[in-house]
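# Whatever this is, show me its structure:
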Amino acid sequence: MADAAISATVKVVLGTLISIAADRIGMVREVKAELERLSNTAAIIQGFLADADGKMHTQGVREWLKQLEDEVFKADTVLDELNYDNLRREVKYRNQPMKKKVCFFFSFFNAIGFSSSLASKIRDINTNLERINQRANELRLAKKQQKEAALPADAAGARQTDSIVVPNVVGRSGDESKIVDMLSSPSEKVLSVIPITGPGGLGKTTLAKSVYNNPKIDGHFGQKIWVCVAKEQIKIMELFKLILVQLTGEEVKVDDRNVIVKNIGEKLKGQKYFLVLDDVWDHEQGLWNDYFNTLMGLNETKGSWCLLTTRLEYVANAVPRDLQMNDRPYFLGKLSGDECWFIIKGKVMSAGEEVPEELEALKEQILRRCDGLPLAASLIGGLLRTNRREKWHSIVQESLLNKYQSQINQILKVSFDHLSSPSVKKCFAYCSIFPQDTELGEDELIEHWVAEGFVLPDRENTGMMEERGGEYLRILLQSSLLEKVEDEGSTYYKMHDLVHDFAKSILNPESSNQDRYLALDSSKGLEENTIRKIPASIRTLFLHLEGGVSTDMNMLLRFKCLNVLKLSGYDVNFLPSSIGKLLHLRLLDISSSRIRSLPESLCKLYNLQTLTIDDDELKGGFPKRMSDLISLRHLNYYDYNAKLKMPMQMGRLTCLQTLKFFNVSQEKGCGIEELGTLKYLKGSLTIRNLGLVKGKEAAKQAKLFEKPDLSYLEFKWESGDRESDNREEDVLEGLQPHPNLEKLKIQYFMGNKFPQWLINLSKLEALRIEDCKRCSELPSLGQLPSLKRLSLIRLGNIRFIGDEFYGITANEEEEEEGRSRASGSGARRRKFFPALEELYVENMGNLVEWKGADQVRSTVGEAEADVFPMLRNFRIQRCPQLTALPCSCKRLYVENCDNLTSIKTGYGTASVEELWIDSSDNLRELPDLFGSSLQRLTIKRCPRLISLGVNGQKCRSLRSLWVMWCPNLVSFSLNLHETPSLEKFSLFDCPKLIPHRFNGFAFATSLRELSINSPFSSDDSSVDGFDWSGLRSVSTLRELRLQGLSHTESLPHQLQYLTILTSLSLHNFGGIRVLPDWIGNLVSLETLKLWFCQKLQSLPPEAAMRRLTKLTCVEVYYCLLLRQRYTPQRGIYLEEEISSYF
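Here you go, the predicted structure:
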């Protein structure tokens, strides 16, 4: 296996040699002759390699391969020096004033000495390679024609097939249900642990993720924490740091255990938590005793759980037995043959496709190889998917050959051998340099692959390298060697830990003469001389320093062959001033370090392709000669400061693809025209200070229309009030982007109207128009076919939104009739905003009228016209003059719309699932307009609202109802008999509601949380009239929050019968002096919260409190007398079980 990896390495480097030699062959005669000789020799070696791949079992071939590896890396280094010198000359030439450029020709002869020296180095390499060729003849290696395998058909395009989508968890529903039931059940333990154990590839992590994300456990825990351990030996401090990082989302910069543990306790603050420790290897029993005892000591709330996954049973047994459920680990079983077959079919075939005969014939053999392991099934499926059917039989047979290898390793070997090219194999192996379980972005991965030379350039189009890297990524996904992870709209890629181990053995194989790719982390233990022992010829170094490690950064200059350097950790504060001596460097990543300034010598890194910096302010700005980085393709840096001066003459960086922002300046070489020559720009770009652009022709010099790979653009003028300026309209007209644009933001534009090109962006998915205070009319957006998200924010000059916004012309009806006659059929059904899903409108202070959906239908003469047919979310805030809403949707949010008097019934309100209305001063009623789909209703701060239009018979789906601060609300037609799904009900500060309106709690069979104060706002009769008996019979009720008045002197005695409550919160019972003894009857109570009880002096007697055996948390806020009596130092009754927070 290792020799096959070396072979792949040599093939990739040889390909690079031949490419560079061919490009540089027109140099000085002496060098030219040696380059021709090198190119021919390398081509012969490629032929020998094709035969050597089948003879790796012989010792002579393996030794020959090792010698060849060393020599081709030397050749690569020498040719890269040649390439660097050529780039240096190019930079020097273009920096000369025009009249001196002719004279510069004569300085060429200064390089004769360099060329002679270079020719001598290449001559020595040629001699060694020819000797290696002679040895190949002695080994009787035959010269074969070698062609790079074609990429699989479905990898060559952008289509993402079913095989790269993570499938639903197969065969683990029973295990998931068992564990979820355990987590949901009451526990008398402060912390319980479930160790899940089983061999690698069984799906332990997948199961843990399914449990972690199961919505059934969400209501049981205040905090969920996921920690990936993935280390054979780990210190307890590291474990606590990992927890704190997850709780805060921030790097832990202290090494004091007491401080870290205290911070964890403050974040947990008496809450039950669910902790997952994934991929644990350390079996030191003392470590786990100390760890779990500390966790239990800092948070004594009962009912927390820890799920621990490990391959090793003795690691599971190291967990204290008294913490384990059933006193033993949870052993995960293998999948059945049918379950493995389901996974394989999902990988090999598209949905609905029948099983091919070739696959069915191999079923028995394949299932025997899977041996019940889901990872094996996934790998085999991916392997078959990326190969032709006629090869399936031989592939399956190959995976069965070595009975001494584990199933997973043998399948991985076959998968590796069948990758389409040596370049893809190197890309796969390289992924293992990142720490286990790292989630990698697509751009990051490909930038590294390109920097390492694994992706060969196209002579005619160097921009193709990233595209080819994307194809390699899709091959690895389809082969199941990489996994795709989607998290909150972002996509990442990662390796299963077994695949990571396999790839690591390939990246730096033991049979190689030296490691060329190293990742060092001081947090995992580094000897003082470790860095000094690194070979000077290393190609890649990841160095993470923290914990007070003192390292001289100048030692990096010893590694002169570095292609990739990634520095991270809070002990990395600066770059060496002579970093420019690393002339082979192609990728520099300092984004996770504390480096905040860049030395000027950085600009001598003429080979540098990728520079990644932390999105923080650069002290001193960019180096002056950044435009000398002639090979730069990706500047991964975003600075929010519009005053930051851009590097002069950025237009010289003609290879640049990633540029996140550009600040226009009046200085020479910093104008918007610098963007014109950057034809490969892709992704996102923010252009600021557009007020400095002189007009349309100046703006057109950016040539945005010629940049098809830009997906997001942000146009930003200077903030502040300015008069309306036609020049700004001209500038925006000149900034016309390519039609491929997907997202656009326009901010601080002071023109009156928007350009016509906006309505022609057929692929535009998101548009945000913000702070355009002089704009008096919106663009015609209603016919954009792809627009999904529209935000209109602080457009203070917009008074009406009408026909033009929807794309309706003045003679719409006549045009429609003409189209109907021309087509010879009935009227075509029109659509307006056909794809819009989210609409956000904020701070439109002068918006008076917005033409609604019904009015649009009337205008176009089509009762069935589709207006906002896909709209799901509509949020409208601070539009005080608007009297009616234009539409409705699944989720409707209305805030500070003071003139809104009602929500009319004609806008599809029967389909509303969630309605939120806040601070609408003139809203008087909500008519009975909500259908069975309504699930959540929230009404706040509506002082004139008198009727809550909720017809109980139509709200059987209602799950949450919150009504607050509506002082004139008198009509409340909610029928609790007809709301079986109601889980949360909150009613506050609605003093005119009559208590008997709330009879029927006995029928609220799903109610879990009740928060209410109206019955306690008047006299005792109103309290007695409340439906306490109904509430007492609600078996699901767990949380009750009651609010009284400042003069309330006692609690409702009916509370004592609610014995199933687990949480009770009492607010503003200002006259109560002592809590009653019957509080001890609430035997299920776990949490008691007291707020603003100013006269409260004492909790119930100790005997009553001792009956509350499940009580773990008492929180007291703004109860000064109580605080004086029960200090945190003295604690409260049952000190070992109760936490107090004063």
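# Report how many residues lie close to residue 782.
Using other CB atoms under 10 Å as the criterion, residue 782 is surrounded by 22 other residues. Every C-beta, even on glycine, is put in place using the N, C-alpha and C of the backbone.
# How about residue 60?
For residue 60, the count of nearby residues is 14 (other CB under 10 Å).
# Residue numbering should commence at 41 henceforth.
Noted, 41 is the first residue going forward, which turns the last one into residue 100.
# Where does it fall, secondary structure wise?
Residue 100 belongs to helix 99-134 when elements are defined using DSSP states H and E.
# For that helix, the averaged confidence score.
On average, the pLDDT along helix 99-134 is 84.
# what's the answer for stretch 810-817, then?
With pLDDT averaged residue by residue, stretch 810-817 scores 92.
# quick revisit: mind listing what's buried in the helix holding residue 100?
Burial within helix 99-134, assessed by neighbour count using 16 or more other CB atoms under 10 Å, is assigned to 101-102, 104-106, 108-125, 127-128, 131.
# Thought residue 484 was touching residue 471, still the case?
No - with contact taken as CB atoms under 8 Å, residue 471 and residue 484 are classed as non-touching, separated by 10.9 Å.
# neighbour count winner among these two?
Neighbour totals were compared for residue 471 and residue 484, and residue 471 leads with 24 against 21 (other CB under 10 Å).
# so what's that one up against?
Listed by CB atoms under 8 Å, 6 or more residues apart in numbering, the contact partners of residue 471 are 480, 485, 516, 522, 535, 540, 543.
# ok, for the fifth one, nearest residue in space, not its chain neighbours?
Spatially, and ignoring its direct neighbours in sequence, residue 535 is nearest to residue 471 (5.8 Å; CB to CB, 6 or more residues apart in numbering).
# returning to what we had before: mind putting the contacts of residue 471 into JSON lines with distance to residue 715?
Conversion of the contacts of residue 471 to JSON lines gives the following (distance: CB to CB, whole Å):
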{"residue": "480", "distance to residue 715": "30"}
{"residue": "485", "distance to residue 715": "27"}
{"residue": "516", "distance to residue 715": "34"}
{"residue": "522", "distance to residue 715": "35"}
{"residue": "535", "distance to residue 715": "38"}
{"residue": "540", "distance to residue 715": "41"}
{"residue": "543", "distance to residue 715": "40"}
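# Name the nearest of those residues relative to residue 56.
Distance ranking of the contacts of residue 471 against residue 56, using CB to CB, places residue 485 first at 19.3 Å.
# Could you measure from the closest one over to residue 509?
Computed as CB to CB, to the nearest Å, the residue 485 to residue 509 distance reads 8 Å.
# do the same with residue 383
Relative to residue 509, residue 383 is positioned 28 Å away (CB to CB).
# just residue 113 next, same as before
Taking CB to CB as the criterion, residue 113 is separated from residue 509 by 22 Å.
# cool, and residue 236?
From residue 236 over to residue 509 the distance is 37 Å, taken as CB to CB.
# higher neighbour count, the two?
With neighbours defined as other CB under 10 Å, residue 236 and residue 509 compare such that residue 236 has more, 25 against 21.
# Who are the packing partners of the strand or helix carrying that one?
Assessed by DSSP H and E, residue 236 sits inside strand 231-237. When contacts are defined as 3 or more CB pairs under 8 Å, 6 or more residues apart in numbering; DSSP states H and E, strand 231-237 sits against helix 213-224, helix 244-252, helix 325-338, strand 344-350, helix 353-356, strand 370-371.
# For the last one, name the packing helices and strands.
Think strand 370-371. In this structure, strand 370-371 makes packing contacts with strand 231-237, judged by 3+ CB pairs under 8 Å, 6+ apart.
# Restricting to C-alpha, output the strand it packs on in PDB.
Output of strand 231-237 as PDB, limited to C-alpha atoms (Å, rounded to 0.1, in the frame of the first residue of the first chain):
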ATOM      1  CA  LEU A 231     -24.900  12.600  35.900                       C
ATOM      2  CA  SER A 232     -25.500   9.300  34.100                       C
ATOM      3  CA  VAL A 233     -23.200   8.000  31.300                       C
ATOM      4  CA  ILE A 234     -23.900   5.800  28.400                       C
ATOM      5  CA  PRO A 235     -20.700   4.400  26.800                       C
ATOM      6  CA  ILE A 236     -21.500   3.200  23.200                       C
ATOM      7  CA  THR A 237     -18.900   0.700  22.100                       C
END
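# from the middle of its chain, how far away would that strand be?
For strand 231-237, the distance from its own C-alpha centre to the chain's C-alpha centre is 28 Å (CA atoms, centre = their mean, to the nearest Å).
# Phi first, then psi, for residue 745.
Backbone dihedrals for residue 745, given as degrees, to the nearest 10, come out at phi -60, psi -20.
# ok, it - contacts?
Under the criterion of CB under 8 Å, 6+ apart, the neighbours of residue 745 are 776, 777, 778.
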